[in-house]
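J.: Below is the sequence, then the predicted model.
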Amino acid sequence: MISIFPSLLSGAVITLQLLVSSMFFGLIIGLIFAILRINKNPIINKFAYGYSYFFRGTPLLVQLYLIYYGLANIELLRNSFFWVIIKEPYWCAIIAFSLNTGAYTSEILRSAFQTIKKGYIEAAQSLGVTKKITFYRIQLPIAIKQSLPAYGNEIILMLKGTSLASVITIMDLMGEARKVNVLTFKPFEAFITAGIIYLFITFIIHNIIKYLEKKYGFQT
Amino acid sequence: MNVIKNIFLTVLLSLFLISTSSADKIKIGTEGAYPPWNSKDASGKLIGFEVELAWTLCRYIGQQCEIVEQDWDGMIPALTSKKFDAIMAGMSITDERMKTINFSQGYADEVASLAVMKGSDLEGIDTPEAVNLNLGGSSVNKAMKTLTSALSGKTVCTQIGTIHQNFLESGDVGKINLKTYKTQDEVNLDLSNGRCDVALAAAVAFTDYAEKSGDAVVLVGPTFSGGAFGNGVGVGIRKDDTKLLKAFNKAIDKARKDGHISRIAIKWFGFDASM
């Protein structure tokens, strides 16, 4: 069990890279789509709803296959500039994971925006604060604070989601565990060690979120 | 309340019956995704050389059989944890695997080959037609040298946990960018897509794919055998199951003598791959 640890740790580094990049892009996507969701224009908010409905309603594995094998099957795309990105399994994984977590993040932020008490906004308006400043200085900070617990969960769900990357040849933590399994024929050792490392990462994420909640979250 | 109790008991009883009814059958594990060795038809039924051979061997052993599907990367652990009693999944007999399980005598042997898409710069690679790693010598060394320089820096794709992966990782072909897949289907897909410069598998796996998909997959370089490629394909059996091992060996002897293995092999491979 000790001998397989180094290779699994090198996989864990890839897992963390995947997680951090997709959470970063996912947050940007999520924020944009949350704002589109609360837009009054029905076409814009239906479009944003459609996006989140699709990515929350289909399995992540399906999305990953669709992007990795599906897009690669389109000749037009293969001959275009996009192939540089689609060719790499790593980028396919980040695209799929970002779009997936982006959909969930947009829902988390949307519900946070909608639960902001009208009184706050009315108070700002009565003081003559512009809409833009109201959004950036009042609505957004409150929404982010309110979303923290749910977003912490989303990070942990995404961490577990990254284990799917191994099916498109990425040697992440799960990929390395699978390799140990086929080399040693000892699935228990391989997967229990991987499980412990995942658990340890979850433990760290959980504590960071807890700390942030305590420091910046709402005191009730 | 009585109705619920009855339903509950029926379900429990039927579960019990399902789990015991197959107790005296020989369960054979196969992948169902490595044509023409073993695969599935459009309706999901297992077919292929090994599926047909399995029924023949079971008839000769004189016991009922059941063929079950198992993912390739969990094949040996599934055998050792008694999910089934024998493996017939195009699994080559290698020293590495012999540490964990036993093999019957080989029933078929089939060479491995590299494959590329038509138009690849590897197409003109100049090597002998066949390389047997057991033989060694200057011609094998020279062929390996040619391969090493041709494959250098190339993305080479293969299925995980196979003799082909072992060979590519052995260092005999120098520094390559190795990508491993869960199934051969996925290797074929990415070869067609252009993500792989070249792929390694049983030669028939590529010719079968080229035929069915119509994609311009062509074999290049030598065919490989011996060394990391093992000594033919046999039935994998648990170490302590010596009775079953003997039974399979006897059945294979018989099927070889009466020409069954050859006939089934020609039907599925298009040539006599029996041994």
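T.: Perfect, I can see it now.
J.: give me the low-pLDDT residue ranges for the chain?
T.: Picked chain A for this. In the prediction, chain A carries residues with pLDDT under 70 at positions A:1-2, A:218-220.
J.: could you do chain B instead?
T.: Filtered on pLDDT under 70, chain B yields the residue ranges B:1, B:13-23.
J.: Just the closest residue of it to chain A, please.
T.: B:Gly161 (3.1 Å; Cβ to the nearest Cβ). Heads up, the C-betas are built off the backbone N, CA and C, glycines and all.
J.: So which residues of the stretch 1-150 of chain B form helices?
T.: In order along the chain, the stretch 1-150 of chain B carries the following helices (DSSP state H, counting those that start in this stretch): B:2-21, B:49-61, B:75-80, B:95-98, B:137-151.
J.: who wins for proximity to B:Lys118 among these?
T.: Between B:Lys118 and these, the shortest separation by Cβ to Cβ is 16.7 Å, and it involves helix B:137-151.
J.: Check which residues of the closest one are buried.
T.: Neighbour-count burial for helix B:137-151 flags B:140, B:143-144, B:146-147, B:150-151 (criterion: 16 or more other Cβ atoms under 10 Å in any protein chain shown).
J.: ditto for stretch A:136-147
T.: Using 16+ other Cβ under 10 Å as the test for burial, stretch A:136-147 gives A:138-140, A:142-144, A:146-147.
J.: any idea what sits nearest B:Met275, other than its immediate chain neighbours?
T.: Of all residues beyond its chain neighbours, the one nearest B:Met275 is B:Asp109 (4.5 Å), with distances taken as Cβ to Cβ, 6 or more residues apart in numbering or on different chains.
J.: residues touching the one you found, list them.
T.: If a contact means Cβ atoms under 8 Å, 6 or more residues apart in numbering or on different chains, then B:Asp109 has B:225, B:231-233, B:273, B:275 as its contacts.
J.: please redo it, this time with the cut-off set to 10 Å
T.: With contacts defined as Cβ atoms under 10 Å, 6 or more residues apart in numbering or on different chains, B:Asp109 is in contact with B:92-93, B:225, B:229-234, B:265, B:273-275.
J.: Now flag whichever of these is closest to B:Gln105.
T.: B:Gly234 (6.1 Å).
J.: need the contact list for that closest one.
T.: Applying Cβ under 10 Å, 6+ apart to B:Gly234 gives the contacts B:87-88, B:91-93, B:97, B:102-109, B:245, B:248-249, B:252, B:275.
J.: for chain A, which helix is longest?
T.: The single longest helix within chain A, with elements called by DSSP state H, is helix A:5-37.
J.: What parts of the stretch 1-150 of chain B come near chain A?
T.: Taking Cβ under 10 Å from any Cβ of the partner chain as the criterion, the neighbours of chain A within the stretch 1-150 of chain B are B:72-81, B:96-97, B:99-101.
J.: element containing the spatially closest residue to A:Phe113 that is not a sequence neighbour?
T.: If you skip the residues right next to it in sequence, A:Phe113 has A:Ala143 as its closest partner in space, 4.9 Å away by Cβ to Cβ, 6+ apart. In this structure, A:Ala143 is located in helix A:140-161 according to DSSP states H and E.
J.: how far out from the middle of the chain is that helix?
T.: Between the centre of helix A:140-161 and the centre of its chain there are 9 Å (Cα atoms, centre = their mean, to the nearest Å).
J.: now do stretch B:26-40
T.: Stretch B:26-40 has its C-alpha centroid displaced from the chain centroid by 8 Å (Cα atoms, centre = their mean).
J.: can you check stretch A:166-175 too?
T.: With Cα atoms, centre = their mean, you get 18 Å for stretch A:166-175.
J.: where do the helices sit along chain A?
T.: Using DSSP H, helices in chain A cover A:5-37, A:42-57, A:60-65, A:75-78, A:83-86, A:89-114, A:118-126, A:131-134, A:140-161, A:173-184, A:187-216.
J.: Of all the helices of the stretch 1-150 of chain B, which one comes closest to A:Leu164?
T.: By Cβ to Cβ (comparing all of those), the closest turns out to be helix B:75-80, at 20.9 Å.
J.: neighbouring contacts of that closest one?
T.: By Cβ under 10 Å, 6+ apart, the list of residues contacting helix B:75-80 from outside reads A:181-182, A:184-188, A:190, B:27, B:29-31, B:68, B:70-71, B:83-87, B:89, B:91, B:97, B:100-101, B:161, B:236-241.
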